[in-house]
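> The following block contains a protein sequence and its predicted model.
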Amino acid sequence: MSTPLPVCILNDTRVDRHHGCERVMGAIEALVARNGMQVTGSCPAHADWKDPAFLKALEGARLVIVNGEGTLHHDRPAARRLLEIGAYARATGVPAVLVNAGWEANGPELLAMLRDFALVALRDGASADAVRAGGVACRVVPDLSLYLPAPEAGAAARERIVFTDSVDRFKAVALDRCRRQVGGDTLSIVFPPPGAAGYLRFLRQGFAARDALTPAQLLRIVRLRNRLGRNSFTRTEPFLSALGRYRLLVSGRFHACTLALITGTPFISVPSNTSKIATLVADAGLAPWRASTDLDANSIAHASAAGWSPQEREAIATHVADARSGAERMFRDIRELA
């Protein structure tokens, strides 16, 4: 039996304690192992990849896999820091690949940095169009949260409506206000660290210091974060099982929408911090109104009654199957690069 090829992973997003990120990283690790590779070094999201321990692991690696996720948009400093590893790895003779990335509103400097990667895989067609327009070759592989199977759905009828939050705290408050109006449930895609200190940190992550200037708004945010914390799961399988019991998801979270696809849960959404939910809806062949529904009782009642159309069900099955086969082809090609 041959020895697995050592690879490093940059931007392990599980530190965000987010079920979408858990699914993505689980898929990457499963595909790495399935293709005769082994993770020998990992750098978490928000950390400096120039950390000596990671650089030491990189010296012995045959390849570095960069998990793009939602980092590469609007010329953010975090996007630049992530992409800088392409040139570093290339100079040291280690191929770098960028996978599972969105791309939006980035300038020519960041685009040029993509040329240091041996393989670039974007998770939606709009991102790929933007990159190709700049002369960079890439492929489209839908979000890796779609790769692993979901728990088997139970026989119980889907009866209620559930809401998540949004990365935008003001949209999150608006979603919760609508939830109260229609009597919906809360299900959080993020979950707090263990212990009282971890829970307090979870509450604090929901607001900015300037929100203290508007005490009523700050109170609404803290109450919402507390509700999210109390309606969260620390493991992804129970989260997916819970999501699969609802007849409608109302969300501002991209990964809540991808996970709704694999649990068969119809969804509507408000925009996130990029157009990623709208591009998911377009790529998956869903009705465009799902990505821009008004937060009012009539719109939610309409969506709840509509469910998935037969055309949408067929499109979802095709999209998920393409996501899984595309991920497997991509990692076979990554194995060849290693």
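Everything's here; your move. Numbers count the residues shown, from 1 in each chain.

> could you pull out the helices for the stretch 151-300 of the chain?
Ranges of helices in the stretch 151-300 of the chain, per DSSP state H, counting those that start in this stretch, are 169-182, 195-204, 215-230, 236-243, 254-263, 276-283, 297-306.

> Packed most tightly, which of these would that be?
Scoring the helices of the stretch 151-300 of the chain by mean neighbour count under mean count of other CB atoms under 10 Å gives helix 254-263 as the most buried, with a mean of 26. C-beta: built from backbone N, CA, C; applies to glycine.

> Show me what it packs onto, helices and strands only.
Judged by 3 or more CB pairs under 8 Å, 6 or more residues apart in numbering; DSSP states H and E, the packing partners of helix 254-263 are helix 19-34, helix 236-243, strand 248-252, strand 267-269, helix 276-283, helix 310-337.

> I'd like those laid out as TSV, including distance to residue 138.
Output for those, formatted as TSV (distance: least, CB to CB, whole Å):
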stretch	distance to residue 138
helix 19-34	18
helix 236-243	28
strand 248-252	27
strand 267-269	26
helix 276-283	14
helix 310-337	11
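
> Please identify the most buried of those.
strand 267-269 (a mean of 27).

> shaky segments in this structure?
Where the chain drops to pLDDT under 70, the residues are 1, 154-156.

> Can you spell out the domain ranges of it, please?
5-148+322-337, 161-320 (automatic domain parsing).

> Tell me which of the helices and strands packed on helix 254-263 approaches residue 217 most closely.
Residue 217 lies closest, by CB to CB, to one member of the helices and strands packed on helix 254-263: strand 248-252, at 17.1 Å.

> May I have the strand or helix carrying residue 90 exported as PDB, CA atoms only?
Following DSSP states H and E, one finds residue 90 within helix 77-91. Output in PDB follows, covering the C-alpha atoms of helix 77-91 (Å, rounded to 0.1, in the frame of the first residue of the first chain):
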ATOM      1  CA  PRO A  77      -7.500  42.500   3.200                       C
ATOM      2  CA  ALA A  78      -8.300  38.900   4.300                       C
ATOM      3  CA  ALA A  79      -8.700  38.000   0.600                       C
ATOM      4  CA  ARG A  80      -5.200  39.300  -0.200                       C
ATOM      5  CA  ARG A  81      -3.700  37.500   2.700                       C
ATOM      6  CA  LEU A  82      -5.200  34.200   1.600                       C
ATOM      7  CA  LEU A  83      -4.100  34.500  -2.000                       C
ATOM      8  CA  GLU A  84      -0.600  35.500  -1.100                       C
ATOM      9  CA  ILE A  85       0.200  31.800  -0.400                       C
ATOM     10  CA  GLY A  86      -0.100  31.100  -4.100                       C
ATOM     11  CA  ALA A  87       3.200  33.000  -5.000                       C
ATOM     12  CA  TYR A  88       4.900  31.700  -1.800                       C
ATOM     13  CA  ALA A  89       4.000  28.100  -2.600                       C
ATOM     14  CA  ARG A  90       5.000  28.500  -6.200                       C
ATOM     15  CA  ALA A  91       8.400  29.900  -5.300                       C
END
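
> Packing partners of that helix?
strand 5-12, strand 63-69, strand 96-101, helix 108-113.

> Strand partners (parallel or antiparallel) of the third one?
Using DSSP bridges, strand 96-101 pairs in its sheet with strand 63-69 (parallel), strand 119-122 (parallel).

> Contacts for the next helix or strand after the shortest one, please.
Following strand 119-122 in sequence order, the next helix or strand is helix 125-133 (DSSP H and E). Contacting residues not belonging to helix 125-133 are listed as 101-104, 106, 111, 114, 120, 122, 138-140, 275, 279, 282-283 [CB atoms under 8 Å, 6 or more residues apart in numbering].

> try stretch 240-248
Counting by CB under 8 Å, 6+ apart, 19, 150-151, 153-154, 156, 158-162, 185, 187, 233, 249, 256, 259-260, 262-268, 300, 303-304, 307 sit against stretch 240-248.

> how far does it sit from the chain's center?
How far stretch 240-248 lies from its chain's middle: 18 Å, per CA atoms, centre = their mean, to the nearest Å.

> what's the straight distance from one end of it to the other?
14 Å (CA to CA, to the nearest Å).

> same deal with stretch 125-139?
OK, stretch 125-139 end separation, CA to CA: 9 Å.

> ok now it, how far from the chain's centre?
On CA atoms, centre = their mean, the centre of stretch 125-139 falls 20 Å from that of its chain.

> try stretch 163-177
17 Å.

> CA-only coordinates of it, as CSV, when you get a sec.
Extracted C-alpha coordinates of stretch 163-177, given in CSV (Å, rounded to 0.1, in the frame of the first residue of the first chain):
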residue,chain,number,x,y,z
PHE,A,163,-35.8,31.2,10.4
THR,A,164,-32.0,31.6,10.6
ASP,A,165,-30.1,34.8,11.0
SER,A,166,-27.8,36.7,8.6
VAL,A,167,-24.2,37.8,8.7
ASP,A,168,-25.6,41.3,8.6
ARG,A,169,-26.8,42.0,12.1
PHE,A,170,-29.5,44.5,10.9
LYS,A,171,-30.9,41.9,8.5
ALA,A,172,-30.7,39.4,11.2
VAL,A,173,-32.9,41.6,13.4
ALA,A,174,-35.3,42.1,10.5
LEU,A,175,-35.5,38.3,10.0
ASP,A,176,-36.3,37.8,13.7
ARG,A,177,-39.0,40.5,13.7
